[in-house]
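Asks: below is the sequence, then the predicted model.
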Amino acid sequence: MLTIGEINKDKSDIVADIIRKSFSEQAQILGINQKDYPNYVAFETSGNIKNKIENGEVIVIAWLDDMPIGTARYIIDKENPLKGYINRLAVLPVYRRKAYGKILMDYAEEKLFQSGVKIIEISVVKKFDKLEKYYENLGYEYMRDQSFPSLPFEVRFMVKSIK
């Protein structure tokens, strides 16, 4: 049975492990290593997750029976409470294509919308077209592309508004 629940800092190692395993293939495709890009998602740390929790992000884990299989995090914009963000959606590769990612997104979206959020923003690596299509199928639309000095690729920002 699948359950989703919020975690506290004591489960940060589990979340970091899910994220690293879920994004390692992306890092390989992009040619990114931890030495040159330590803040890239594929190199997530327990400490970073603890910091995010301390700064108000809500982190959830999807459990299939007793096995942690996916995670996501969300937060309401501190300056604009009508805007929220979902980050670090990650499902272990062996559990993909079984709708667990969608279930995690639905959970995070519902929590944000229940809190009064009207717009949710996400970001993806621009060159990953399949990932962009995945989010388009979940109702997200292109917003903008942006380059960052700390990353060797463009980031695509997408948005979903409550109807």
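Replies: Okay, I see it. Numbers count the residues shown, from 1 in each chain.

Asks: please tell me how far Leu138 sits from Lys21.
Replies: Counting by C-beta to C-beta, to the nearest Å, the gap from Leu138 to Lys21 is 22 Å. Placement of C-beta: from N, CA and C, glycine included.

Asks: who are the contact partners of Pro93?
Replies: 21-22, 25 (C-beta atoms under 8 Å, 6 or more residues apart in numbering).

Asks: what subset of those residues is buried?
Replies: For the contacts of Pro93, burial is judged from neighbour counts taken by 16 or more other C-beta atoms under 10 Å, and it is met by 21-22.

Asks: mind checking which of the contacts of Pro93 land in helices?
Replies: Among the contacts of Pro93, the residues falling in helices (DSSP state H) are 21-22, 25.

Asks: could these be laid out in TSV, adding pLDDT and distance to Asp36?
Replies: TSV is the format used below for those (pLDDT from 0 to 100; distance: C-beta to C-beta, whole Å):
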residue	pLDDT	distance to Asp36
Lys21	97	20
Ser22	95	20
Glu25	93	18
